[in-house]
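Visitor: Here is a sequence with its predicted model. Questions after.
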Amino acid sequence: MKKFVTGILGSAALALAASAASAATLDDVKARGHLKCGVNTSLAGFSAPNDKGEWTGLDVDFCRAVAAAIFGDGDKVNFTALSAKDRFTALQSGEVDVLSRNTTWTINRDTALGFNFAGVTYYDGQGFMINAKQLPGVNSALQLSGASVCVQAGTTTELNLADYFSANNMEYNPVVFEKFEEANAAYDAGRCDAYTTDQSGLYAVRLQMSSPDDHVVLPEIISKEPLGPSVRQGDDQWFDIVKWVYFALLNAEEAGITQANVDEMKESASPDIRRLLGTEAETKIGTDLGLDNDWVVKIIKATGNYGEIFERNVGSGSPLKIARGVNALWTKGGLQYGMPIR
């Protein structure tokens, strides 16, 4: 999701906090014995507790991958549920080591807020959902002139909504809520004609409705929302670790390395695969990061590759059943592209 920080901390204060960031995050994490990861309070497919109270989701699994790279154990991570309002302060203050909470990469967050984004784990865009029984015949957002729209306050979702209706000379009535859960409940109760947030979020919200089959996600995408994990500026080693965990997940998928075959693939005839898995002669890809050379093996054993993470959390193996689309690998027409590990 896309939130601006007005009312949380001033940009100057955040920048100052970033400049004072510790340059020894890896040492702190190792000494503590676990990673601290900030996630959404409850967004199906990305970060939400299951019926056993265990955290699941694409953003959750990314943090498990980071923990596995460091400790060889994807369970050595503590999750902190953060609201949109609190997430930036939590990262800047050191309450969490990494923020993996469906957060959009923007210039403001890269500069004034003092963050470094490690990559785009999910390419998204803002969309609209309607109750087809309330609005029969509506199959486009361009038909929503005069509609009431549920939206979360203090977000760029709110700003994008205003821009879209203005650009298309349409009127609308924003029904604004501070909390995600409040907006969901109001829409389900019929207080709004439409609901707007990231399209991935709409698929998650749809599952929470009292009659999910009545709700339709409209085809329009009105913004770019590259979602990904971020860290504080000021610690290049930590930024490198989180960034290259993301690239390793992508490269493993591209190479056909899975949870099921990772041990077998360590003896591959391909130098690229052996290098990725730390078995190529004189490989130093782990030690250069401050990790063991088999850090990628540990990641894949814990979480699988990017494709496996995607499919079980938001894709065909999940209730959301979102198509890979632009989140497919670059070799399959998508935007996901892992930098070379060599």
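Guide: Alright, I've got the coordinates.

Visitor: start to end distance for stretch 282-296?
Guide: With Cα to Cα, to the nearest Å as the measure, stretch 282-296 spans 16 Å from end to end.

Visitor: let me redo that: stretch 118-126
Guide: Terminal-residue distance, stretch 118-126 (Cα to Cα): 21 Å.

Visitor: all helices of the protein, in order?
Guide: Along the chain, counting by DSSP state H, helices occupy 11-19, 25-32, 58-71, 87-93, 107-110, 156-167, 180-188, 199-208, 236-255, 262-265, 271-276, 295-303, 306-313.

Visitor: Which one, of these, ends up nearest to I322?
Guide: Each of the helices of the chain was scored for nearness to I322 using Cβ to Cβ, and the closest is helix 199-208 (5.8 Å). Placement of C-beta: from N, CA and C, glycine included.

Visitor: now the residue of the chain most remote from its centre: how far from R275?
Guide: Relative to the centre of the chain, the most outlying C-alpha is that of A281, 35.0 Å out, by Cα atoms, centre = their mean. Note on A281: its distance to R275, by Cβ to Cβ, to the nearest Å, is 9 Å.

Visitor: coming back round to it: which one of the helices of the chain has the most crowded surroundings?
Guide: helix 58-71 (a mean of 27; mean count of other Cβ atoms under 10 Å).

Visitor: Which strands or helices does that helix pack on?
Guide: Here helix 58-71 touches helix 25-32, strand 35-40, strand 77-82, helix 236-255, helix 295-303, helix 306-313, going by 3 or more Cβ pairs under 8 Å, 6 or more residues apart in numbering; DSSP states H and E.

Visitor: what ranges of this structure fall below the confidence cut-off?
Guide: 1-23 (pLDDT under 70).

Visitor: Same list (the helices and strands packed on helix 58-71) but as JSON lines, adding distance to A112.
Guide: As requested, the helices and strands packed on helix 58-71 are exported to JSON lines (distance: least, Cβ to Cβ, whole Å):
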{"stretch": "helix 25-32", "distance to A112": "21"}
{"stretch": "strand 35-40", "distance to A112": "19"}
{"stretch": "strand 77-82", "distance to A112": "19"}
{"stretch": "helix 236-255", "distance to A112": "18"}
{"stretch": "helix 295-303", "distance to A112": "32"}
{"stretch": "helix 306-313", "distance to A112": "30"}
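
Visitor: if we compare these, which one ends up closest to L161?
Guide: Here strand 35-40 is closest among the helices and strands packed on helix 58-71 (Cβ to Cβ), at 20.4 Å.

Visitor: Need the contact partners of the closest one.
Guide: With Cβ atoms under 8 Å, 6 or more residues apart in numbering as the test, strand 35-40 has contacts from 29, 46-48, 55, 57, 59-60, 63, 66-67, 70, 76-82, 87, 90-91, 95-102.

Visitor: Ignoring the adjacent residues along the chain, who's closest to M339?
Guide: Excluding its sequence neighbours, the residue lying closest to M339 (Cβ to Cβ, 6 or more residues apart in numbering) is F247, at 4.8 Å.

Visitor: That neighbour and V151: what is the separation?
Guide: 34 Å.

Visitor: any idea how far the residue nearest the centre of the chain lies from D61?
Guide: Centroid-nearest residue in the chain: N102, 3.6 Å away (criterion: Cα atoms, centre = their mean). Shown here: N102 relative to D61, a distance of 13 Å by Cβ to Cβ.

Visitor: Then F180?
Guide: Going from F180 to D61 by Cβ to Cβ gives 21 Å.

Visitor: Could you do N261 as well?
Guide: For N261 relative to D61 (Cβ to Cβ), the value is 19 Å.

Visitor: Please apply the same query to F247.
Guide: The value you get for F247 to D61, if Cβ to Cβ is used, is 16 Å.
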